[in-house]
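1. Quick one, what's the 3D model for this:
(one chain, ligands or ions: 1)
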Amino acid sequence: MKFENRVAIITGSGSGIGEGVAKRLSQLGVKVVVNDVETEKVNRVVEEIKASGGDAIGIAADITKMDSVRNMFEEIINKYGKIDILINNAGIARDKSMKKLTEEDWDAVLNVNLKAQFLCCKVALEYMQEQKYGRIVNISSRAWLGWPGQANYSASKGGVVSLTRTLALEVGRKGITVNCIAPGIIETPLWSTLPDNVRERLLESQPTGKIGQPDDIANTVAFFAGDQAGYITGQTIFVCGGKSLFAKMG
Ligand SMILES: NC(=O)c1ccc[n+]([C@@H]2O[C@H](COP(=O)([O-])OP(=O)(O)OC[C@H]3O[C@@H](n4cnc5c(N)ncnc54)[C@H](O)[C@@H]3O)[C@@H](O)[C@H]2O)c1
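-> Here you go, the predicted model:
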């Protein structure tokens, strides 16, 4: 993987997968911008990256709002002069059966998981098109294939796949690639909150017999984000230990 003088923003990188991605890219020499809606999380991750010798800044912002997104990118340009890599990672879940799902559950999940990716892509692309270089990696989920109790989450993640494909077609001639990763179960704070019996069932349904780590996603992000992946665009890759191969419910 080759990174020379590259600047990346990772949304929702105050925790879990995003934190792993920010730290991995930093280890590879990328200047990283840590974004999260929670200031304390941002500060902790930035401090840890700096303590390991990395170059990082933190921007606490709610990326579901266009004004916040514009300000965030202006701050990046003021600090680093450019933005090369956008990792759209922030996401939430509010899993409920269709019967119990409310309009508010729908809007909350669609806003963070899909609208925020649109807003960040829109503003990042203004800078990337000017500099004729860019790498965008959108985090979807294996759940985009569908899962009971996840109508809002699945729909938002399916939207991410479609957004990726369309943007790849629109900006392919500008030296910009747009790709997508669909993770399966990854060991983040979310996983540890699940009841033991649910975790056991999910583990049983894993073809590889284990769940993934944030690094599994971080390494795939690093591949798409590097210079060498310039001929790959519009693609969605499952990083899910084979779970996408069949629909057995865990
Ligand atoms: N963990 C998994 O098993 C798994 C599986 C498939 C997909 N994913 C996806 O991976 C991504 C990261 O998930 P995670 O498990 O690391 O979750 P996480 O909850 O550990 O991290 C998500 C971060 O996003 C932040 N965030 C939420 N709303 C935001 C907003 N409006 N603006 C800025 N930041 C915001 C949260 O504060 C949190 O720190 C999500 O898009 C999720 O849907 C996770």
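2. Give the other helices and strands that the longest helix along the chain contacts.
-> Taking DSSP state H as the criterion, the chain has its longest helix at helix 151-171. With contacts taken as 3 or more CB pairs under 8 Å, 6 or more residues apart in numbering; DSSP states H and E, helix 151-171 sits against helix 103-110, helix 116-131, strand 134-139, strand 176-183. In short, each C-beta sits where N, CA and C put it, glycine included.
3. could those be laid out in a markdown table, adding mean pLDDT?
-> As requested, the helices and strands packed on helix 151-171 are arranged in a markdown table below (pLDDT from 0 to 100):
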| stretch | mean pLDDT |
| --- | --- |
| helix 103-110 | 98 |
| helix 116-131 | 98 |
| strand 134-139 | 98 |
| strand 176-183 | 98 |
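4. how about these, which one is nearest Ile63?
-> helix 116-131 (4.3 Å; CB to CB).
5. can you dump the C-alpha coordinates of the closest one into PDB?
-> In PDB, the C-alpha atoms belonging to helix 116-131 read as follows (Å, rounded to 0.1, in the frame of the first residue of the first chain):
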ATOM      1  CA  ALA A 116     -24.700  11.900   5.900                       C
ATOM      2  CA  GLN A 117     -22.800   9.900   3.300                       C
ATOM      3  CA  PHE A 118     -24.400  11.900   0.500                       C
ATOM      4  CA  LEU A 119     -23.600  15.200   2.200                       C
ATOM      5  CA  CYS A 120     -19.900  14.200   2.900                       C
ATOM      6  CA  CYS A 121     -19.500  12.900  -0.700                       C
ATOM      7  CA  LYS A 122     -21.000  16.000  -2.100                       C
ATOM      8  CA  VAL A 123     -18.700  18.400  -0.300                       C
ATOM      9  CA  ALA A 124     -15.600  16.200  -0.600                       C
ATOM     10  CA  LEU A 125     -16.100  15.800  -4.300                       C
ATOM     11  CA  GLU A 126     -16.000  19.500  -4.800                       C
ATOM     12  CA  TYR A 127     -12.400  19.500  -3.600                       C
ATOM     13  CA  MET A 128     -11.500  16.200  -5.100                       C
ATOM     14  CA  GLN A 129     -12.700  17.100  -8.600                       C
ATOM     15  CA  GLU A 130     -10.600  20.300  -8.500                       C
ATOM     16  CA  GLN A 131      -7.500  18.400  -7.500                       C
END
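6. List the buried residues in that helix.
-> Neighbour counts using 16 or more other CB atoms under 10 Å place Ala116, Gln117, Phe118, Leu119, Cys120, Cys121, Val123, Ala124, Leu125, Tyr127, Met128, Gln129 of helix 116-131 among the buried residues.
7. How about stretch 47-63?
-> Buried, per 16+ other CB under 10 Å, within stretch 47-63: Glu48, Ile49, Gly54, Ala56, Ile57, Gly58, Ile59, Ala60, Ala61, Asp62, Ile63.
8. So the third one is in contact with Arg24, correct?
-> Just to be clear, that refers to Gly54. No: if you go by CB atoms under 8 Å, Gly54 and Arg24 don't touch, sitting 10.5 Å apart.
9. I appreciate the help and will end here.
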